[in-house]
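Trainee: 3D, please:
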Amino acid sequence: MQPLSSSATVGVIGAGTMGAGIAEVAAAAGHPVRLFDSRGGAASDAIAGMGKRLSRDVEKGRTTKEQRDSLLARLESVERLEDLASCALIIEAIVEDLDAKRQLFCALESLVAEDAIFATNTSSISVTAIGAALNRPARLIGMHFFNPAPRMALVEVISGLASGADVTDTIMATATAWGKEAVRARSTPGFIVNRVARPFYAEALRALGEGATDVPTIDAVMKGCGGFRMGPFELMDLIGNDVNAAVTQTVYDAFNQDRRFEPSLIQREMVAAQRLGRKSSQGFFDYREGAANPLPATAETGNIPAAVKVYGDLGAADALLALAGDAGLTIERRTAQFPGDGWISVGAATLALSDGRSATQRAAQGLENLVHFDLALDFRTAGCIALAPADGCDAAALADAVGFFQALGKQVSVIDDYPGMLVLRTVCMLANVGIDAVHQQVCDAAAVDIAMEKGVNYPKGPLAWAEQIGLARVVGVLDNLAKIYGEERYRVSPLLRRKVWGESSLFSD
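Mentor: Got it, this is the predicted structure:
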């Protein structure tokens, strides 16, 4: 695969934040770039703004004066579409409207050379549908950047039904030459990132709606225990609840209202109240001057134990034993009395990693004073943990459970007895939706993980994370949730179940 020559001129249409960022990326890679916007003066203003930001980068030592000047010299604002006639690649970043995009590319077809490539930066519209209006749809490809384009590493390269293989290969190579991590995907609703990411928001909104705990606690656990850079509510406020809700609705409708992607009534109410997030100064958090937001729920000091008993195999939570040893606790291993995953006995409490059931349901096995704990990205380094006691768990036993994790250096949040907890449930759903994208031939497994790590800064690709947890455990969690809710939302991808039966990796053919 050969990229476009750096001497080839790149045209960018749309001088908003995304278009200007894409123009900067292309210019930084050495291309002459022509930036066009239908609003008079918008392109020149965007380049001037770029110059000011790059000058600040020079002052901070992030770039040199020579690099800044060289990049800006390759940028040119133009006032007519005709000025893009000699471009080898034209990328549009205009309004998300199918008719507007079709009209634009149809107008360009009569201006450019036959071998010029068209790219759309759409995040939600079918590349196939856009290309259907063209005389030569093979030249159209999706080139989905993430905001801010100069900093975000990912580009999704989206092939429509008519996109040429040579065009796809050229754009893959070009995106790589521009310093981006490029992944191939077929044109389906949400592509990779906007499809796979839906459960990150949806499961948090469901936890809130079912009273598992409050907004700041959910965000704190997802960050401090799950390792995510931002909590789901913090991120929805940053994106804008209106934007996030609209993307969810689009994906939901495009998948014939698949329950996996069902929009949240809570978020719909937030939009109706114009609590859109940072841009409206109120969302799930309050951004008004002087506003005081509530802190995460944190348990009081519990009973610090001297010893623990371990029954069976703790699986993904086995790292807790090393931490317990480091904390000076005596560890006694015993044979499990019941089938399935192991548990820890601490004082009067029985501690077990959630398996998708409620602690109350699981306690009916005979596990007295059962307290579930949530999954952590890395139990050794996690700063906090969530616990969910079964109904009827003694207060003294809960204090023993809290004290155990505090002895390991964790901040503890006690939530309601919520099936699957917060991190475990979210990760299993992210993995399941990602695996189903592979099953439906949207992309390969490696592309899912690259897209989610590079496109939305997940701490670990959801498919690699699923393998770390154990694919059989993931299936078990989802099956348990499906039984509890009686919903299609938690149905297991056929490919995931097949990989468990075949004892094979998600990354193998």
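Trainee: all strands of the stretch 101-250 of the chain, in order?
Mentor: 117-120, 140-145, 154-159, 181-186 (DSSP state E, counting those that start in this stretch).
Trainee: neighbouring strands of the first one in the sheet, and parallel or not?
Mentor: So the one you mean is strand 117-120. strand 89-92 (parallel), strand 140-145 (parallel) (DSSP bridges).
Trainee: do the same with the third one
Mentor: Based on DSSP bridges, the strands next to strand 154-159 in the sheet, each with its direction, are strand 140-145 (antiparallel), strand 181-186 (parallel).
Trainee: count of residues packed around Leu111?
Mentor: The tally of other residues near Leu111 (other Cβ atoms under 10 Å) stands at 16. Heads up, the C-betas are built off the backbone N, CA and C, glycines and all.
Trainee: same question, Val112
Mentor: Taking other Cβ under 10 Å as the criterion, the count of residues near Val112 is 20.
Trainee: and the gap between it and Thr170?
Mentor: 15 Å (Cβ to Cβ, to the nearest Å).
Trainee: what of Ser280?
Mentor: Computed as Cβ to Cβ, the Ser280 to Thr170 distance reads 42 Å.
Trainee: tell me which of those two has more neighbours.
Mentor: Thr170 (20 against 17).
Trainee: out of the strands of the stretch 101-250 of the chain, which is closest to Arg491?
Mentor: Arg491 lies closest, by Cβ to Cβ, to one member of the strands of the stretch 101-250 of the chain: strand 181-186, at 21.8 Å.
Trainee: quick one: the helices in the stretch 401-509 of the chain?
Mentor: 423-439, 445-456, 462-469, 471-485, 494-502 (DSSP state H, counting those that start in this stretch).
Trainee: just name the most buried of the ones you listed.
Mentor: Stretch with highest mean neighbour count among the helices of the stretch 401-509 of the chain: helix 423-439 (a mean of 25; mean count of other Cβ atoms under 10 Å).
Trainee: now that helix: average pLDDT?
Mentor: Averaged over helix 423-439, pLDDT sits at 98.
Trainee: restrict it to CA atoms and write it as CSV.
Mentor: Extracted C-alpha coordinates of helix 423-439, given in CSV (Å, rounded to 0.1, in the frame of the first residue of the first chain):
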residue,chain,number,x,y,z
VAL,A,423,-17.2,-2.0,35.9
LEU,A,424,-17.8,-5.7,35.3
ARG,A,425,-21.2,-5.1,33.7
THR,A,426,-19.9,-2.3,31.5
VAL,A,427,-16.8,-4.2,30.3
CYS,A,428,-18.7,-7.4,29.5
MET,A,429,-21.2,-5.4,27.4
LEU,A,430,-18.4,-3.4,25.6
ALA,A,431,-16.7,-6.7,24.8
ASN,A,432,-19.9,-8.3,23.7
VAL,A,433,-20.9,-5.5,21.3
GLY,A,434,-17.3,-5.4,20.0
ILE,A,435,-17.2,-9.1,19.4
ASP,A,436,-20.6,-8.9,17.6
ALA,A,437,-19.1,-6.2,15.3
VAL,A,438,-16.4,-8.8,14.4
HIS,A,439,-19.1,-11.5,14.0
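Trainee: and the angle from that helix to strand 181-186?
Mentor: Counting by axes from the mean of the first three to the mean of the last three Cα atoms, to 10 degrees, helix 423-439 lies at 60 degrees to strand 181-186.
Trainee: which helices and strands sit right next to helix 423-439?
Mentor: Here helix 423-439 touches helix 193-196, helix 198-209, helix 215-224, helix 445-456, helix 462-469, helix 471-485, helix 494-502, going by 3 or more Cβ pairs under 8 Å, 6 or more residues apart in numbering; DSSP states H and E.
Trainee: which one of these lies nearest to Gln361?
Mentor: In terms of Cβ to Cβ, the element of the helices and strands packed on helix 423-439 nearest to Gln361 is helix 471-485, at 7.7 Å.
Trainee: residues in contact with that closest one: which ones?
Mentor: 315-316, 341, 354-358, 361, 419-420, 424-425, 428-429, 431-432, 466, 489-492, 496-497, 499-500, 506 (Cβ atoms under 8 Å, 6 or more residues apart in numbering).
Trainee: distance from the chain centre to stretch 418-431, please.
Mentor: 14 Å (Cα atoms, centre = their mean, to the nearest Å).
Trainee: could you do stretch 17-28 as well?
Mentor: Chain-centre distance of stretch 17-28: 23 Å, with Cα atoms, centre = their mean.
Trainee: next one: stretch 455-465
Mentor: Offset of stretch 455-465 from its chain centre (Cα atoms, centre = their mean): 7 Å.
Trainee: can you tell me what sits against that stretch?
Mentor: With contacts defined as Cβ under 8 Å, 6+ apart, stretch 455-465 is touched by 146, 152-154, 156, 192-193, 196-197, 226-230, 377, 427, 430-431, 434-435, 438, 445, 448-450, 452-453, 468, 506-507.
Trainee: helices of the stretch 201-350 of the chain, start to end?
Mentor: Under DSSP H, counting those that start in this stretch, the stretch 201-350 of the chain gives helices at 215-224, 232-239, 241-254, 265-272, 319-326.
Trainee: other SSEs contacting the first one?
Mentor: Helices and strands in packing contact with helix 215-224 are listed as helix 198-209, helix 232-239, strand 384-389, strand 411-414, helix 423-439; criterion 3+ Cβ pairs under 8 Å, 6+ apart.
Trainee: closest one to Leu72 among the strands of the stretch 101-250 of the chain?
Mentor: strand 140-145 (20.1 Å).
Trainee: tell me the angle of that closest one relative to helix 445-456?
Mentor: Interaxial angle of strand 140-145 relative to helix 445-456 (the same axes, to 10 degrees): 50 degrees.
Trainee: avg pLDDT for strand 140-145?
Mentor: Strand 140-145 carries an average pLDDT of 97.
Trainee: okay, that strand in PDB with CA atoms only?
Mentor: Extracted in PDB, the C-alpha atoms of strand 140-145 (Å, rounded to 0.1, in the frame of the first residue of the first chain):
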ATOM      1  CA  LEU A 140     -15.500   7.700  -2.000                       C
ATOM      2  CA  ILE A 141     -14.200   6.500   1.300                       C
ATOM      3  CA  GLY A 142     -14.900   7.300   4.900                       C
ATOM      4  CA  MET A 143     -12.100   8.900   6.800                       C
ATOM      5  CA  HIS A 144     -13.400   9.400  10.300                       C
ATOM      6  CA  PHE A 145     -11.100  11.500  12.500                       C
END
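Trainee: surely Thr64 meets Val58?
Mentor: Yes - counting by Cβ atoms under 8 Å, Thr64 touches Val58, with 6.7 Å between them.
Trainee: helices and strands of this protein: which one bottoms out on pLDDT?
Mentor: Lowest on mean pLDDT, DSSP states H and E among the helices and strands of the chain sits strand 330-334, with a mean of 89.
Trainee: nearest spatial neighbour of the residue nearest to the spatial centre of the chain, skipping sequence neighbours?
Mentor: Nearest to the mean C-alpha position of the chain, by Cα atoms, centre = their mean, lies Ala197 at 4.2 Å. Leaving aside its sequence neighbours, Ala197 sits nearest to Val456 (Cβ to Cβ, 6 or more residues apart in numbering; 5.8 Å).
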